[in-house]
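In: model the structure of this input:
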Amino acid sequence: DIPNIVVEGKSALLCEEKDVQGLSLQIERLLESRESWDAMGAVGRRFVEMNHDLKSGVENLERLYGSLLERN
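Out: Predicted coordinates:
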């Protein structure tokens, strides 16, 4: 679920599972651009606050359950 909680390229650098070379390249990219760390952290925090807080999670589940009940 990591791609669902980050903004690829803005708050995280991703690679395919078990891709050791890809992971190594992404770590190198981060180490070469330390000036981007604060901005990436800020983008990540805003994304999680906007999309993954408890209130909106509960509201989404209530909508889902409501739609399932309406079908029956």
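
In: what is the neighbour count of the residue nearest to E8 when sequence neighbours are not counted?
Out: Once flanking residues are discounted, E8 sits nearest to L14: 5.3 Å by CB to CB, 6 or more residues apart in numbering. Where C-beta positions appear, they are placed from N, C-alpha and C, glycine not excepted. Using other CB atoms under 10 Å, L14 has 14 other residues around it.

In: use 26 as the first number from now on
Out: Understood, numbering begins at 26; the last thing we discussed is L39.

In: over to L39: give its phi and psi.
Out: Dihedral pair for L39: phi -110, psi 160, per degrees, to the nearest 10.

In: I'd say it and D26 touch.
Out: No. Proximity of L39 to D26 does not meet the contact threshold set by CB atoms under 8 Å, at 12.0 Å.

In: quick revisit: give the contact list for the residue nearest to E33.
Out: Listed by CB atoms under 8 Å, 6 or more residues apart in numbering, the contact partners of L39 are 27-28, 31, 33, 51.

In: chain center to the helix ranked longest in the chain, what's the gap?
Out: With secondary structure taken from DSSP state H, the chain has its longest helix at helix 79-96. Using CA atoms, centre = their mean, to the nearest Å, the mean C-alpha position of helix 79-96 is found 21 Å from that of the whole chain.

In: dump it to CSV, restricted to CA.
Out: C-alpha atoms of helix 79-96 as CSV (Å, rounded to 0.1, in the frame of the first residue of the first chain):
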residue,chain,number,x,y,z
LEU,A,79,-9.2,9.3,11.2
LYS,A,80,-12.3,11.5,10.4
SER,A,81,-12.1,11.1,6.7
GLY,A,82,-11.4,7.4,7.0
VAL,A,83,-14.5,6.9,9.1
GLU,A,84,-16.6,9.0,6.7
ASN,A,85,-15.3,6.9,3.8
LEU,A,86,-16.2,3.6,5.6
GLU,A,87,-19.6,5.0,6.5
ARG,A,88,-20.3,5.8,2.8
LEU,A,89,-19.1,2.4,1.7
TYR,A,90,-21.2,0.6,4.3
GLY,A,91,-24.2,2.8,3.4
SER,A,92,-23.9,1.9,-0.3
LEU,A,93,-23.6,-1.8,0.5
LEU,A,94,-26.8,-1.6,2.7
GLU,A,95,-28.7,0.2,-0.1
ARG,A,96,-27.9,-2.6,-2.5
